[in-house]
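J.: no sequence on this one, just coordinates:
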């Protein structure tokens with residue numbers, strides 16, 4: 001692959017990776033430890049991910065169990081979960097915290113599916129913006145460095161193929177996550 005296209009492919013790859021990261025945080029009624037990825041707890045003055053201060057496990061399909069390595073962290077972790085947008089009330093017995101995920105209602109599943117499609121559209125827009133930036137870049141560089149029109153056309157075709165490839169991957173990711181959410 002042309003190294004001039006590689007820069008833009010890397011940007012498109014980051015857009016896809018970001019979308020997949022966002023999807024990991026969307027809960028599908030099953031316990032998924034990734035819903036905790038964005039949460040931070042105050043660990044001796046340093047905001048730290050829950051996974052770095054506690055053992056996170058999934059003992060049952062609808063439950064996440066968080067066992068802090070220090071008993072003093074139970075309250076901090078509980079506070080972080082309550083102040084987040086998870087919408088789950090933690091229960092703690094002084095030593096560990098349990099998050100029980102309720103069954104999703106049909107209405108909530110449809111809302112989540114819409115949200116997934118919206119995030120997918122956002123990722124597609126990001127990829128198309130990268131394509132536009134690449135096209136502009138190739139036109140400017142073509143004039144400045146005296147590159148032939150055929151070569152510029154080849155670069156534009158290459159960036160269009162990359163765009164189509166990433167848009168298809170985004171569509172596949174959206175469909176997979178929507179199916180996961182809508183499956184009871």
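T.: Yep, that arrived. All figures in this text were calculated on a predicted structure; none of them were measured in a lab. Numbering: from 1, shown residues only.
J.: mind giving me the domain ranges of this structure?
T.: 3-24+105-182, 33-100 (automatic domain parsing).
J.: what is the mean pLDDT for the longest one?
T.: Read that as domain 3-24+105-182. Per-residue pLDDT values over domain 3-24+105-182 give a mean of 89.
J.: tell me which residues in the top helix by length along the chain are buried?
T.: In the chain, ranked by residue count with DSSP state H as the criterion, the top helix is helix 106-144. Applying a neighbour-count criterion of 16 or more other CB atoms under 10 Å, the buried positions in helix 106-144 are 109, 112-113, 116, 119-120, 123-124, 126-127, 130-131, 134-135, 138, 142. Glycine gets a C-beta too; all of them are placed from N, C-alpha and C.
J.: For it, which helices and strands make contact with it?
T.: helix 3-24, helix 149-182 (3 or more CB pairs under 8 Å, 6 or more residues apart in numbering; DSSP states H and E).
J.: In a markdown table: the ones you listed, plus mean neighbour count and distance to residue 84.
T.: Below are these laid out as a markdown table (neighbours: other CB atoms under 10 Å; distance: least, CB to CB, whole Å):
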| stretch | mean neighbour count | distance to residue 84 |
| --- | --- | --- |
| helix 3-24 | 16 | 15 |
| helix 149-182 | 16 | 20 |
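J.: And the contacts of whichever strand or helix holds residue 66?
T.: Residue 66 is part of strand 63-68, with elements assigned from DSSP states H and E. With contact meaning CB atoms under 8 Å, 6 or more residues apart in numbering, strand 63-68 is reached by 31-33, 35-36, 50, 53-59, 74, 77, 90, 95-101.
J.: and what of stretch 164-176?
T.: 12-13, 15-16, 19-20, 23, 116-117, 119-120, 123-124, 127-128.
J.: quick one: which two of these are the most distant?
T.: 13 and 117 (21.4 Å; CB to CB).
J.: Residue most distant from the centroid, the protein?
T.: Ranking residues of the chain by C-alpha distance from their mean position (CA atoms, centre = their mean) puts residue 146 at the top, at 40.7 Å.
J.: Now it, what are its backbone angles?
T.: Residue 146 adopts backbone torsions of phi 60, psi 50, taken as degrees, to the nearest 10.
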